[in-house]
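Asker: take this sequence and fold it.
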Amino acid sequence: MDYDRKSTVSSFYGGRRGSFDALNHSQSPDYAPSGRPRDDASSFYADRQPRASHEMLTGGQSAGYNASSFFAAGRLEPLKGGRDEEEEAPEAQTWDVYADFNNAGPRYSTAFGIGQHQDAGYHQLPPPPPPPGAKTEGDADSSHTPVELVTVPALGPEWQLAEMKNMTKSGRREIKSEKRQEKWKAWHRGETGMCGKWFTKKFLAFFMFGLAAIIGTILAITIPRVPGLSFNSSTPLVAATGSYNASIPTQFSRYPANFSFPALADIQVDTTANIIPLTINSISAQVWDPNTNLQVGTGYFGKDTLPAKSYPKIQVPLNFSYVASNDTDPTWNEWYNACKNAGLYATGSRPGVNFKLILTLDIAGLPSTQSQSTQVNAAPCPIELSINAA
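Answerer: Numbers count the residues shown, from 1 in each chain. From the prediction side, this is the model:
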């Protein structure tokens, strides 16, 4: 096989290297042409496939070299495909270095499968979608238009007046008032209780009834009753003793006409209506003459506790004191005749005295004082004057 007529590159594929180097020699060697046509492509592939099938696949161009590789002037670097991509590119196309990052142009990078389905060259991005809520020409006719779901309302004019009012102080008060009304209606219908499930309307009715019964029972036991008072029928007034008797002088005087003496009102108290002991804070007394309607004495009884369900006796200290213009005063004469010595009477008995006793009781547990009065007729005088007394 004649290797000299083939490309010197054929030696790369196992052929014998020629003695002439076209790249380092100034004159071209004289090659004798062979009798058959020259097949450059087949010499590159060492006659591995027919020329006709090769031209159908490559369009008449070799995979790596062209005819200029065999010029005697020297071998040129081969061009891929026999064309210049930069010269064939349109002049209007520009390179955008930010196209892979700012979404403003096509993606030149094919890493991670990005941009593999795009054609080479610059492509204008599609126009931006219309803003939410904007209607397009096909909205009315198309039922497949994508719908944007908005979960959070935007601040601003889209808020309703009722929503903005609810954020004010008056709006919050109205909301609280409405909640209270709803809770009251639910409780009134028996749907809920005052404390969760407790104190529903029905339960509260029974509870209040029981509570009223308990309170009524306690009050019936603890509230004191006003006791009944009665005087000793034989001696309603008794002579004072002890320090009280010594504190008040006993005398009857004509000039000027007056009298004064101490005494004790003998009173029986009825506490049978009381369940617990009765506590009396004080008793104040007034003694009046029923014939002349003049006050002739006063009295005071201090704090004392009386047993319940009984008839205890108490003695209220009284201070009889009266001043008249002269000894002809009917009140002075009535009390003087009742209290003077019995020896001055032929029968030996003194006349009785009439008086009205008013008692004001301050009882513990009652909101106000209680007054009781009684009139005693023909009561003997608790003192007796001497025979030589005025």
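Asker: hang on, T250 packs against S260?
Answerer: Yes. With contact defined as Cβ atoms under 8 Å, T250 and S260 form a contacting pair (7.0 Å). Any C-beta I mention is one placed from the backbone N, CA and C, and that applies to glycine too.
Asker: any idea how far S371 is from F261?
Answerer: The gap separating F261 from S371 is 25 Å, by Cβ to Cβ, to the nearest Å.
Asker: neighbour count: those two, which is higher?
Answerer: Between F261 and S371, counting by other Cβ atoms under 10 Å, F261 is the more crowded of the two (23 against 12).
Asker: from what I see, that one and C339 are in contact.
Answerer: Yes. Applying Cβ under 8 Å as the test, F261 and C339 come out as touching, 7.4 Å apart.
Asker: who's in contact with L357?
Answerer: Shown in contact with L357 (Cβ atoms under 8 Å, 6 or more residues apart in numbering): 231, 265, 285-287, 373-376.
Asker: for F207, helix, strand, or coil?
Answerer: The local conformation at F207, judged by DSSP: H, G, I helix; E, B strand; the rest coil, is helix.
Asker: swap in E334?
Answerer: Per three-state DSSP, the secondary structure class of E334 is helix.
Asker: I'd like the distance between the nearest residue to N377 once chain neighbours are set aside and I383.
Answerer: Distance criterion Cβ to Cβ, 6 or more residues apart in numbering; nearest residue to N377, sequence neighbours excluded, is N354 at 5.1 Å. Taking Cβ to Cβ as the criterion, N354 is separated from I383 by 17 Å.
Asker: of those two, who's got more company?
Answerer: A side-by-side neighbour count of N354 and I383, using other Cβ under 10 Å, places I383 first with 18 against 14.
Asker: helix or strand for the more buried one, which one?
Answerer: Secondary structure assignment for I383, by DSSP states H and E: no helix or strand.
Asker: for the nearest residue to I275 once chain neighbours are set aside, give its distance to P277.
Answerer: Ranked by Cβ to Cβ, 6+ apart and with sequence neighbours excluded, the top spatial neighbour of I275 is I221, at 5.0 Å. As judged by Cβ to Cβ, I221 and P277 stand 12 Å apart.
Asker: between those two, point out the one with more neighbours.
Answerer: Comparing I221 with P277 by other Cβ under 10 Å, the one with more neighbours is P277, at 13 against 10.
Asker: and the gap between the more buried one and A364?
Answerer: P277 sits at a distance of 10 Å from A364 (criterion: Cβ to Cβ).
Asker: same check on R173?
Answerer: In this view, R173 and A364 are 48 Å apart by Cβ to Cβ.
Asker: same question for V238.
Answerer: Noted for V238: a distance of 27 Å to A364, by Cβ to Cβ.
Asker: those two: who's more crowded?
Answerer: With other Cβ under 10 Å as the criterion, V238 and A364 differ in neighbour count, and V238 comes out ahead with 15 against 11.
Asker: just to check, that one is in contact with P262?
Answerer: No. V238 is not in contact with P262 according to Cβ under 8 Å; the separation is 10.4 Å.
Asker: returning to what we had before: can I assume the residue nearest to I275 sits in a helix?
Answerer: Yes. Read with three-state DSSP, I221 is one of the residues of a helix.
Asker: partner strands of the strand or helix carrying G297, with direction?
Answerer: Secondary structure assigned from DSSP H and E places G297 in strand 294-301. With DSSP bridges as the test, strand 294-301 is paired with strand 278-289 (antiparallel), strand 313-323 (antiparallel).
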